[in-house]
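In: any chance you can model this:
(one chain, ligands or ions: 2)
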Amino acid sequence: RFLTSDCRSPSLPLRAGAMSRPRPVVLSGPSGAGKSTLLKRLMKEHEGVFGFSVSHTTRSPRPGEEDGKDYHFTSREAMREGIDKGDFIENAEFSGNMYGTSKAAVEDVQSRNLICILDVDIQGVRRIKETDLNPIFISIQPPSMETLEKRLRDRQTETEESLQKRLEAARIDMELSQEPGMFDVVIINDDLERAYEELKEILDEEIKKVQEAKS
Ligand SMILES: Nc1nc2c(ncn2[C@@H]2O[C@H](COP(=O)(O)OP(=O)(O)O)[C@@H](O)[C@H]2O)c(=O)[nH]1
Ligand SMILES: Nc1ncnc2c1ncn2[C@@H]1O[C@H](COP(=O)(O)OP(=O)(O)O)[C@@H](O)[C@H]1O
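Out: Residues are numbered from 1 along each chain as shown. Ligands and ions are numbered 1, 2, ... in the order given. The predicted model follows:
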């Protein structure tokens, strides 16, 4: 229903012995839309299928977040240095902090032949489109701005200032995500079960490929 274009890659002829790498998945959408909730469940229910591209960020860790697992928490100076050295595929400023996907983060997952999941904002989506990563682009959207604000407030991770910045970024995101060709699929995360089922269905073919390659 929300399929806006064909998200399956054309099957390319392979060299004898060459393993086709599973296609990465980019999850984007407003902060608070439910990306982490959905992807954590997806990874938990499909052990050995997905690998998370651990981004770098200059924001402070939240309670429960682990360095090297949720993010590589770093300083502006260190991150700037890495960007200048060419270590990053993309980077962006979001709500007063820097975020970026390192080449190593993606390579680490791809070398294990797992489906690489990237959680990036809309600026990241644009930058990744310029690379040869060829992911499936999925946007997770809240049912409304009001629901998004409520979810963000209930999550209790933001100050009033960072919450307002996220809501402002969400307005831009919600508009841009409608642009033709920006995403392969847009999932409205109203009912969590339904959104999760939709996500699984979209990724079904890719999941099966990885599972079959292992067996
Ligand atoms: N461009 C880009 N955006 C990222 C990256 N990592 C995370 N983000 C985005 O940064 C935004 C803020 O993330 P975060 O601080 O974890 O807050 P949350 O999304 O509200 O949990 C979200 O839109 C993420 O998708 C990255 O490596 N690159
Ligand atoms: N479908 C849903 N219904 C109600 N609450 C949800 C739903 N999806 C996510 N949430 C809650 O909303 C908040 C934001 O979700 P989260 O996964 O952290 O979003 P994101 O990673 O996109 O910033 C969390 O507290 C989460 O438990």
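In: the strand or helix carrying residue 204 vs ligand 2: in contact?
Out: Under the criterion of DSSP states H and E, residue 204 resides in helix 192-214. Yes. Contact of helix 192-214 with ligand 2 (Cβ under 6 Å from any ligand atom) involves 192, 195. (Each C-beta comes from the backbone N, C-alpha and C, glycine too.)
In: from the middle of its chain, how far away would that helix be?
Out: Distance of helix 192-214 from the chain centroid (Cα atoms, centre = their mean, to the nearest Å) equals 15 Å.
In: buried ones in that helix, by neighbour count?
Out: 195, 196, 198, 199, 202, 203, 206, 207, 209, 210 (16 or more other Cβ atoms under 10 Å).
In: next: stretch 106-119.
Out: For stretch 106-119, by 16+ other Cβ under 10 Å, it's 106, 108, 109, 110, 113, 114, 115, 116, 117, 118, 119.
In: need the max-distance pair from those.
Out: The most widely separated members of those, counting by Cβ to Cβ, are 113 and 119 (20.4 Å).
In: thinking again about what came up before, closest to ligand 2 out of the buried residues of helix 192-214?
Out: residue 195 (5.9 Å; Cβ to the nearest ligand atom).
In: and the closest one, what's its pLDDT?
Out: The model reports residue 195 with a pLDDT of 98.
In: got a list of what it touches?
Out: 34, 38, 140, 187, 188, 189 (Cβ atoms under 8 Å, 6 or more residues apart in numbering).
In: that one and residue 90, how far apart?
Out: Taking Cβ to Cβ, to the nearest Å as the measure, residue 195 falls 26 Å from residue 90.
In: report the separation between residue 95 and residue 33.
Out: Noted for residue 95: a distance of 14 Å to residue 33, by Cβ to Cβ.
In: looking only at neighbour counts, state which of the two leads.
Out: Neighbours per residue (other Cβ atoms under 10 Å) separate residue 95 from residue 33, with residue 33 holding more: 28 against 18.
In: what does the pLDDT read for the closest residue to residue 158 other than its chain neighbours?
Out: In this structure, residue 158 finds its nearest non-sequential neighbour in residue 152, 6.1 Å apart by Cβ to Cβ, 6 or more residues apart in numbering. pLDDT recorded at residue 152 is 97.
In: dihedrals phi and psi, residue 152?
Out: For residue 152, the backbone dihedrals (degrees, to the nearest 10) come out as phi -70, psi -40.
In: show me the contacts for it.
Out: Residues near residue 152 by Cβ under 8 Å, 6+ apart: 31, 32, 158, 163, 166, 167.
In: and the strands in the protein?
Out: Under the criterion DSSP state E, the chain contains strands at 25-28, 50-52, 55-57, 71-73, 88-94, 97-102, 115-119, 136-141, 185-188.
In: other residues contacting the first one?
Out: Think strand 25-28. With Cβ under 8 Å, 6+ apart as the criterion, strand 25-28 contacts 35, 38-39, 50, 115-122, 124-125, 128, 135-140, 173, 177, 183, 203, 206.
In: mind redoing it with 7 Å?
Out: By Cβ atoms under 7 Å, 6 or more residues apart in numbering, the residues outside strand 25-28 that reach it are 35, 39, 115, 117-122, 125, 128, 135-140, 203.
In: separation between the spatially most central residue of the chain and ligand 1?
Out: Residue closest to the mean C-alpha point of the chain, counted by Cα atoms, centre = their mean, is residue 119 at 2.0 Å. Separation of residue 119 from ligand 1 (Cβ to the nearest ligand atom, to the nearest Å): 5 Å.
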